[in-house]
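S.K.: Predicted model follows, preceded by the sequence.
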Amino acid sequence: MFAPALLPALLALALACSGGEVKLGRASINQLSVVQGSLAVRSVTLDHSGAKLKRVEAKGEGLGVAFVKELQRFPIALGTDSELELPEGMTVRIEVTVDAKELPVGDRSGLLTFIFEGATLELPVEWSVVEPPKEGDDDLPIPKPSSDWSTKYSKEGPQPRVSADRYTHDFGKTLSGEQLHTEFKLKNEGEGDLVIIKVGAQCHCTLSELRLPDRVVPPKELKLKEGYGTLKPGEEATLDCIVDTAGLAGLTRKKIQIYTNDRARSPLSLDMVMVIDNPFELSPASISFGDVRYGEPVERVVRMASVDQGEFAIVGHELPQPPVMEVEYKQVKPRKNEVCVWEIRLRSKDGLPCREHFGKLKLALDHPTIKSLDQLHYSMRVVPDVAWSIDNRRSPETITLGVVKAGTNDVRTVVLENKNPKIPYKATGATITSRLGTESFAAELITIEEGQKYEVKLKVIKPPKSKAFSGELQIAADSPTLPLLKIKFSGIWSGPITPGGTPPVPADGGASGGR
């Protein structure tokens with residue numbers, strides 16, 4: 001962290017500007033949590049009357065900078081000379097990227113220095129790298145104390161009795177992105193000393209502090225340690241709780257558990273209940289790219305409107321790592337009954353792996369009460385630039401051959417066609433693998449148009465060893481998107497089997513349909 005003597009100067013953003021022609025829209029970036037292995041982006045506006053960027057210096061790990069003007073993004077190489085021109089009157093946004101891909105969990109700080117022709121701006125950046133959430137965290141049990149508290153803290157004689165001023169707190173209706181705060185009063189109503197051993201909470205909950213009669217337990221100690229202190233008979237403690245509603249929706253319940261040496265009432269459970277609504281109108285409500293052909297980026301646009309939440313601004317975004325799309329946003333003119341509207345433009349990245357991609361786009365907001373929106377789900381399926389078909393089926397990964405009669409030769413034909421003439425697709429070979437051996441099947445590769453179109457014929461060359469058979473057709477190619485296509489097949493043989501084979505009885509009694 002920065003030395004205390006430097007903080008006032010940094011927070012005041014003492015800028016060496018000539019005539020105040022260059023100014024940042026915020027003094028610092030702080031209170032930023034970045035999930036380990038992910039990347040977060042925060043935006044800073046730049047007010048200027050025409051300037052030339054000379055250089056950007058960075059102190060600290062994981063920082064990156066890009067300038068965005070008129071929806072065009074210009075990444076800046078840190079520590080090297082730049083000649084980026086900012087024409088007068090042009091709106092400019094600075095994107096600060098915090099990359100926690102390889103950083104350990106913990107607090108981080110850095111300093112970005114923007115050197116313009118005749119002006120120098122400094123921007124402190126403070127953030128925390130946090131552990132990634134586990135799937136189904138809300139359903140997992142809250143961690144118990146690691147120590148054997150039943151013997152360590154329990155004593156014979158007068159016993160303690162833990163109680164709370166209430167066991168359920170109802171926040172009522174609230175908006176996604178708000179941080180909710182409440183306090184629970186804990187009291188020892190017994191005759192013996194009450195030891196507070198461990199306090200745990202479900203995800204989205206933060207235990208900010210525990211105030212005991214003789215000390216205050218900070219959040220880090222609440223999370224990492226056990227055995228916080230003792231309440232004498234009649235004494236009280238206060239537990240501060242915060243719920244971050246980002247990403248939550250509908251009726252939601254969060255639980256806190258308090259472990260003490262009260263053998264009859266440990267753990268003590270405290271519930272927080274809320275009904276969470278989306279504060280903004282999103283059109284569309286989720287982002288579906290559908291099938292995206294490899295090498296052909298696709299754009300989607302989302303309108304985010306405020307009707308009764310007043311003015312807001314999108315100041316940053318976060319995507320799972322590695323990011324699968326470029327994100328741009330700008331304020332646009334509102335329609336009837338709308339107060340404030342932002343347009344979010346999403347463009348799928350080129351060269352993504354051919355598979356399903358899905359996740360959530362999290363937006364950081366500048367708003368009096370709503371600091372983030374964590375409800376924009378996205379999905380896309382990147383498909384190869386080579387299409388294949390069998391009969392009338394497109395891109396099948398399995399083939400059911402049904403009953404194959406003796407004497408059948410060409411059982412199925414796979415047709416492969418290159419949909420991207422810029423990248424040649426050159427099939428190099430076709431082979432068969434089978435649990436029953438490869439000797440019964442063969443694959444023949446036929447070139448229809450070199451680099452563009454091929455056929456592969458799946459053949460039976462002799463009776464298999466079993467009535468029921470299965471295998472896999474593998475087509476190799478010189479292609480960046482489909483180097484090896486695997487198609488599984490299965491069927492029932494109707495004729496004699498290879499001598500020495502075992503004829504199992506098919507599950508359907510041989511009633512499968514033929515070709």
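M.R.: Yep, that arrived. Values in this document were obtained by computation on a predicted structure and should not be read as measured data.
S.K.: tell me which element residue 222 falls in.
M.R.: Assessed by DSSP states H and E, residue 222 sits inside helix 219-224.
S.K.: Could you point out the helix or strand that follows that helix?
M.R.: strand 229-231.
S.K.: mean confidence for that following strand?
M.R.: Average pLDDT, strand 229-231: 90.
S.K.: Next: stretch 26-45.
M.R.: For stretch 26-45, mean pLDDT is 79.
S.K.: Now it: buried residues?
M.R.: 28-29, 32, 34-44 (16 or more other CB atoms under 10 Å). C-betas here are computed from N, CA, C, even on glycine.
S.K.: Kindly report the same for stretch 198-215.
M.R.: Of all the residues in stretch 198-215, those buried under the rule 16+ other CB under 10 Å are 198, 199, 200, 201, 202, 204, 205, 206, 207, 210, 211, 212.
S.K.: Figure out the length between the terminal residues of it.
M.R.: Distance between the two ends of stretch 198-215: 16 Å, counting by CA to CA, to the nearest Å.
S.K.: ok, and residue 486, which helix or strand is that part of?
M.R.: Assessed by DSSP H and E, residue 486 sits inside strand 484-493.
S.K.: Just give the nearest non-adjacent residue to residue 342, would you?
M.R.: In space, and not counting its chain neighbours, residue 342 is closest to residue 304: 4.8 Å by CB to CB, 6 or more residues apart in numbering.
S.K.: sorry, back to before: tell me the two of the buried residues of stretch 198-215 that are most distant?
M.R.: For the buried residues of stretch 198-215, the farthest-apart pair by CB to CB is 204 and 212; their separation is 25.4 Å.
S.K.: just checking, which of the buried residues of stretch 26-45 belong to strands?
M.R.: 29, 32, 34, 35, 39, 40, 41, 42, 43, 44 (DSSP state E).
S.K.: For burial, what's the neighbour tally of the nearest residue to the first one once chain neighbours are set aside?
M.R.: If I follow you right, that is residue 29. Leaving out its chain neighbours, the residue that sits closest to residue 29 by CB to CB, 6+ apart is residue 125, at 4.6 Å. For residue 125, the neighbour count with other CB atoms under 10 Å is 21.
S.K.: partners of the helix or strand containing residue 125, with directions?
M.R.: Element membership for residue 125 (DSSP H and E) is strand 119-130. Strand pairing for strand 119-130, determined by DSSP bridges: strand 16-17 (antiparallel), strand 29-35 (parallel), strand 106-116 (antiparallel).
S.K.: Could you take the ones you listed and lay them out as TSV, with extra columns for distance to residue 479?
M.R.: Shown next, in TSV, are the strands paired with strand 119-130 (distance: least, CB to CB, whole Å):
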stretch	distance to residue 479
strand 16-17	54
strand 29-35	35
strand 106-116	42
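S.K.: Which among those is found nearest to residue 54?
M.R.: Nearest to residue 54, of these and by CB to CB, is strand 106-116 at 4.8 Å.
S.K.: Can you pull the domain assignment for this structure?
M.R.: Here the domain assignment for the chain is 7-130, 137-277, 290-383, 386-493, based on automatic domain parsing.
S.K.: Looking at those domains, which is nearest to residue 283?
M.R.: For residue 283, the closest of the domains of the chain is domain 290-383, at 4.6 Å, according to CB to CB.
S.K.: show me where the stretch 251-400 of the chain has strands.
M.R.: With DSSP state E, counting those that start in this stretch as the criterion, the stretch 251-400 of the chain has strands at 268-277, 281-283, 287-293, 299-306, 313-319, 325-332, 340-348, 356-366, 372-383, 386-390, 393-394, 398-404.
S.K.: so where's the stretch 301-450 of the chain uncertain?
M.R.: Filtered on pLDDT under 70, the stretch 301-450 of the chain yields the residue ranges 406-410, 435-438.
S.K.: Tell me who's in contact with the spatially most central residue of the chain.
M.R.: Central residue of the chain (CA atoms, centre = their mean): residue 320, 3.5 Å from the mean position. With contacts defined as CB atoms under 8 Å, 6 or more residues apart in numbering, residue 320 is in contact with 38, 359, 360.
S.K.: Provide the partner residues of the last one in its beta bridges.
M.R.: Put plainly, it is residue 360. residue 377.
S.K.: and what of the one 5 residues further on?
M.R.: When bridges are called by DSSP bridges, residue 365 pairs up with residue 314.
S.K.: show me the contacts for it.
M.R.: Counting by CB under 8 Å, 6+ apart, residue 365 makes contact with 177, 312, 313, 314, 315, 371, 372, 373.
S.K.: now these as CSV including distance to residue 288 and neighbour count?
M.R.: Formatted as CSV, the contacts of residue 365 follow (distance: CB to CB, whole Å; neighbours: other CB atoms under 10 Å):
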residue, distance to residue 288, neighbour count
177, 23, 28
312, 25, 25
313, 26, 15
314, 21, 21
315, 26, 22
371, 27, 17
372, 22, 22
373, 18, 26
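S.K.: Dihedrals phi and psi, the closest residue to residue 370 other than its chain neighbours?
M.R.: Nearest in space to residue 370, with sequence neighbours left out and distances taken as CB to CB, 6+ apart, is residue 177 at 3.9 Å. For residue 177, the backbone dihedrals (degrees, to the nearest 10) come out as phi 100, psi -20.
S.K.: Per-residue pLDDT of residue 177, please?
M.R.: pLDDT, residue 177: 74.
S.K.: Would you mind measuring from it to residue 46?
M.R.: Using CB to CB, to the nearest Å, we find residue 177 at a distance of 26 Å from residue 46.
S.K.: Same question for residue 353.
M.R.: 36 Å.
S.K.: Between these two, tell me which one has more neighbours.
M.R.: Neighbours of residue 353 and residue 46, each counted by other CB under 10 Å, are more numerous for residue 46; the result is 23 against 11.
S.K.: Within the helices and strands, which one has the more buried one?
M.R.: Applying DSSP H and E as the criterion places residue 46 in strand 39-48.
S.K.: what angle sits between that strand and strand 356-366?
M.R.: 40 degrees (axes from the mean of the first three to the mean of the last three CA atoms, to 10 degrees).
S.K.: avg pLDDT for whichever helix or strand comes after strand 39-48?
M.R.: Of the helices and strands lying after strand 39-48 in sequence (DSSP H and E), the nearest is strand 51-59. Here strand 51-59 scores 88 as its mean pLDDT.
S.K.: which of the residues in the next helix or strand after strand 51-59 are buried?
M.R.: The helix or strand immediately downstream of strand 51-59 is strand 63-69, counting by DSSP H and E. Within strand 63-69, the residues that count as buried by 16+ other CB under 10 Å are 63, 64, 65, 67, 68, 69.
S.K.: Quickly list what the nearest residue to the last one once chain neighbours are set aside is bridged to.
M.R.: Distance criterion CB to CB, 6+ apart; nearest residue to residue 69, sequence neighbours excluded, is residue 92 at 5.0 Å. As for beta bridges, residue 92 partners with residue 46, residue 69 under DSSP bridges.
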